[in-house]
Structure formats: C-alpha cells, structure tokens
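*Asks:* pasting the structure only:
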C-alpha cells in the first residue's frame, strides 16, 4: 500500500548532464542569485543545485527601477540582466563547491561573440558543473531573443560547442505554435545538448495600475516578462512537447514556470521534467521555499506510492 512508504524512503534525487543532484528542486536564474551572499544562501538551503544569475562579460546595472512587481497571479519584470559580470560568478565556484551540490552558471552574453568568449573562459574553472546558455531574455531593449531565431540559435550553438569543455544546456523562451516547437527541436537534436530549461518568462506583457492609470514598471514603457502562476499551463506544454520531440533521452528537461508548491512540481515532472526551477515563488518566499516544496512533493509521492521521480517522470496519460 502507498501509505506504507516512509517519507524517508522517498528520493527526490536526479541527474542533469550526468551530474547528481540531491534534490530535483532548485532556483531559477534571475531572483536572489546575483551576489555572493545570495548564492551562499542557496548553497546552505535545501536547493538541489546552485544556479547563478545570467552573466554577461562585464558588470551590468540593468534597467531602471521599478523593474519588478509582484502580482496576485505572478510577476512582471524588465530587469535588463543586472549582474556582477561572469568573472565574479566563476571565481565563486571554489567557495560554492563546499555545499556538496552542483553549481551551474547561467550565461547570457550581449552578443554572439560575448557568449563564445565567456564559455571559452569558463573551461578554466573546475567547480562549475555545467552552463545554462540563456537563449531567451526578453527584457533587454534592442536585443531580440535568440531562441526565436532558429538559424541564429544554430549558429550560436555551433560556435559554443567548438570551444566548450563543460556540459551545455539551454534556457528556452516559451513557444506557442507547433511548427516552432519542431523547428527548435530540430536544432537542438543536432548538438550534444545536456539539458533544456522550459521556460523563461512570457515576454512583453503589460500590467496596469488603474488607480494611477499607469503602467507598473518603468523600462520599455511598462512592457515586461510575465512569470508565476499565470504561465504554468504554457510551461507545462513546453516541457511536455520538448520531452517528446528531443531524440536524446539523456538530455534532461528542466521545468520552470508557475511552481509554488509540491503539486506544481509534480505536474512538471509528470510532463517529463527531470528537475524543476523556482523563480517568482523564490523571489517571494526566499530559500525556505525549497524545503517546503520538497516536503509537499514527497507527501504527494507517498500518497501515490512513488519512491522516486523516475516512477512517474514523463508518464502523463492521454484520454
């Protein structure tokens, strides 16, 4: 009987790029992962990995404030890639190695050549476990998302894999049309991609403060990326579609979007995710959210009789 399973017997461990994670739940790149103190806090938490803020070649201040607003259904942001520059995140890798969990670096260069330069340099840091190449930032004025230009994505991956010595994954924007899923999958299937994170925020939404009759964030005349509860159905669809389309089943799908409790995480894994990232909810709740979601997910698995996430990963049924 399912209730005979002890919570202590339930494992949330997983593997990404052949790298063991003690828990399948960890932070998304973006919230609360920009400074050394924030990354150490993630290391001390129940998060199964540590993921840095998306790094550029040089330090960036990002867009003007207000640039992030929490809403009852999620969040809107136009951060503009504020970060400390890739060297700080790379140099922190030795310290963060003390937490016995993988350290992943997110890379989001401001140009084709900048991405290649950063990834080439990261070969010199042994304690960086893998790289998440961000193809999907919708919040830098004048910079299109590479993930919506399939030939540009192919060219970038060709250049990156020519210099990479570490496992490379990609963070993808949300896709909505079936041909677009298939076109990006055909690109990814031609490279030794270690993982695909689905999804980044839904770009260029608009939230209005009706009392002031104004937008709520300053950059881009109020346009920003939408995250949180509102995007979960889109995130689940992207996880499921790429799980079915990507031919290398060693490639891990990482679910991201609308996860605030154990049931949300369960749904992402059922669709095919090997791990899940927490973004908007992490911004709200801080590092305790990882343990809370872990406990909730284990309780759901106990009720259903599952010992590990492999017992139900990708086993979503049609009707």
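*Replies:* Cool, the structure landed. On a predicted model such as this, the values are computed, not experimentally measured, just so you know. Numbering: from 1, shown residues only.

*Asks:* could you report the pLDDT at the nearest residue to residue 288 once chain neighbours are set aside?
*Replies:* Using C-beta to C-beta, 6 or more residues apart in numbering and skipping residues adjacent in sequence, the residue nearest residue 288 is residue 45, 7.6 Å away. C-beta here means a position set from N, CA and C on the backbone, and glycine is covered the same way. What the model reports as pLDDT for residue 45 is 98.

*Asks:* residue 3 now?
*Replies:* For residue 3, the model assigns a pLDDT of 63.

*Asks:* check residue 187 too.
*Replies:* pLDDT for residue 187: 97.

*Asks:* and for the one 3 residues further on?
*Replies:* Per-residue pLDDT puts residue 190 at 96.

*Asks:* residues touching it, list them.
*Replies:* residue 154 (C-beta atoms under 8 Å, 6 or more residues apart in numbering).

*Asks:* which SSE is it in?
*Replies:* In the assignment (DSSP states H and E), residue 190 maps to no helix and no strand.

*Asks:* start the count at 496 instead of 1 going forward.
*Replies:* With 496 as the first residue, the last one maps to residue 685.

*Asks:* low-confidence ranges, this protein, go.
*Replies:* 496-498 (pLDDT under 70).

*Asks:* apply 80 and report the result again.
*Replies:* Along the chain, segments meeting pLDDT under 80 span 496-498, 633-638, 742-744.

*Asks:* what about the helices in it?
*Replies:* All helices of the chain, identified by DSSP state H, fall at 531-539, 581-586, 588-591, 607-616, 645-658, 673-683, 727-740, 757-766, 775-780, 783-799.

*Asks:* can you give me the buried ones in stretch 728-744?
*Replies:* 729-738, 741 (16 or more other C-beta atoms under 10 Å).

*Asks:* and if you look at stretch 536-548?
*Replies:* Across stretch 536-548, burial judged by 16+ other C-beta under 10 Å covers 536-538, 540-548.

*Asks:* in strands only, show me these.
*Replies:* Here DSSP state E is the test, and those give 545-546 as lying in strands.

*Asks:* show me which pair in the buried residues of stretch 536-548 is furthest apart.
*Replies:* Distance extremes for these: the farthest pair is 541 and 548 at 20.2 Å, using C-beta to C-beta.

*Asks:* I'd like to know how many residues surround residue 797.
*Replies:* 18 (other C-beta atoms under 10 Å).

*Asks:* got it, and residue 775?
*Replies:* Residue 775, neighbours per other C-beta under 10 Å, totals 29.

*Asks:* so who does it touch?
*Replies:* Neighbours of residue 775 in contact, by C-beta under 8 Å, 6+ apart: 526, 565, 569-570, 722-724, 753, 755.

*Asks:* which member of those is positioned nearest residue 602?
*Replies:* residue 526 (17.6 Å).

*Asks:* list the residues that contact the nearest residue to the closest one once chain neighbours are set aside.
*Replies:* Excluding the flanking residues, the one nearest residue 526 by C-beta to C-beta, 6+ apart is residue 778, at 3.8 Å. With contact set as C-beta under 8 Å, 6+ apart, residue 778 has these partners: 525-527, 563, 565, 570.

*Asks:* restricted to buried residues, select the residues you listed in PyMOL.
*Replies:* Selection of buried members from the contacts of residue 778 for PyMOL, criterion 16+ other C-beta under 10 Å:
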select buried, resi 525+526+527+563+570
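
*Asks:* export the contacts of residue 778 to CSV and tack on distance to residue 693?
*Replies:* Written out in CSV, the entries for those read as follows (distance: C-beta to C-beta, whole Å):
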residue, distance to residue 693
525, 15
526, 18
527, 21
563, 22
565, 23
570, 18
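
*Asks:* just the contacts of residue 778: which are in strands?
*Replies:* Reading strands off those with DSSP E, I get 563, 565, 570.

*Asks:* and which of those is nearest residue 519?
*Replies:* Closest to residue 519 out of the ones in strands among the contacts of residue 778 is residue 570 (22.9 Å), distances taken as C-beta to C-beta.
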